[in-house]
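Colleague: Mind looking at a prediction? Sequence and model below.
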Amino acid sequence: MGDSWLWILSVALIVAGLAGTVLPALPGTLLVLAGILLGAWIDDFARVGWGSLAAVGVLAVVAWAADFVAGLLGARRAGASREAILGAALGTVAGIFMGLVGVLFMPLVGAAVGEYVARRDEQRAVRVGFATWLGVMAGLVAKIAISFMMIGIFVVALLV
């Protein structure tokens, strides 16, 4: 009976991790990784071995890097100022408290406001805000895809 509760906890960590790929308040890929590690441990690493865990660990690092780099690349490609990048970061944090809509759109608002403060050019501010938002969304999509890849490796290892 004890293993059943551990499996439930493993699945709960993975599900919370998937939610965390969208909600920045939760460390998404870290929770998915923790759930997978717990699942491997429950099974004494018999079916999910070190090779699978190494692959999942590398994917977790890639997901974190993709999430971080994508927003910066979007901002940099548009020629964003440091204020715009800071504004996007602050907008992301503020968006956490505004629900899903805030999480999705506050980085755009923050980057646009930061760029406007830096250069006083409304058109440029909107362009930089949009480019930064596209980068953040690309990172989000990559993080979700990689999280599902991590889960796929885990499930295949369990079943094979």
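Modeller: Cool, the structure landed. Numbering: from 1, shown residues only.

Colleague: Which elements pack onto the helix or strand hosting Ile151?
Modeller: Using DSSP states H and E, the element containing Ile151 is helix 122-159. The elements that helix 122-159 packs onto, with contact taken as 3 or more C-beta pairs under 8 Å, 6 or more residues apart in numbering; DSSP states H and E, are helix 2-20, helix 28-42, helix 50-77, helix 82-96, helix 99-119. (Glycine included, C-beta is placed from N, CA and C.)

Colleague: Looking at these, which is nearest to Gly135?
Modeller: Closest to Gly135 of these, according to C-beta to C-beta: helix 50-77, at 2.0 Å.

Colleague: re the thing from before, quick one, which of the helices and strands packed on helix 122-159 gets closest to Gly139.
Modeller: When those are compared (using C-beta to C-beta), the closest one is helix 50-77, at 3.0 Å.

Colleague: mind checking how far the closest one is from the chain centre?
Modeller: Here the centre of helix 50-77 is set off from its chain's centre by 9 Å, with C-alpha atoms, centre = their mean, to the nearest Å.

Colleague: Stretch 49-56 too?
Modeller: 21 Å.

Colleague: Could you tell me which residues make contact with the spatially most central residue of the chain?
Modeller: Centroid check for the chain by C-alpha atoms, centre = their mean gives Thr21 as the closest residue, at 4.2 Å. Taking C-beta atoms under 8 Å, 6 or more residues apart in numbering, we find Thr21 in contact with 28-29, 32, 63, 140, 143-144, 147.
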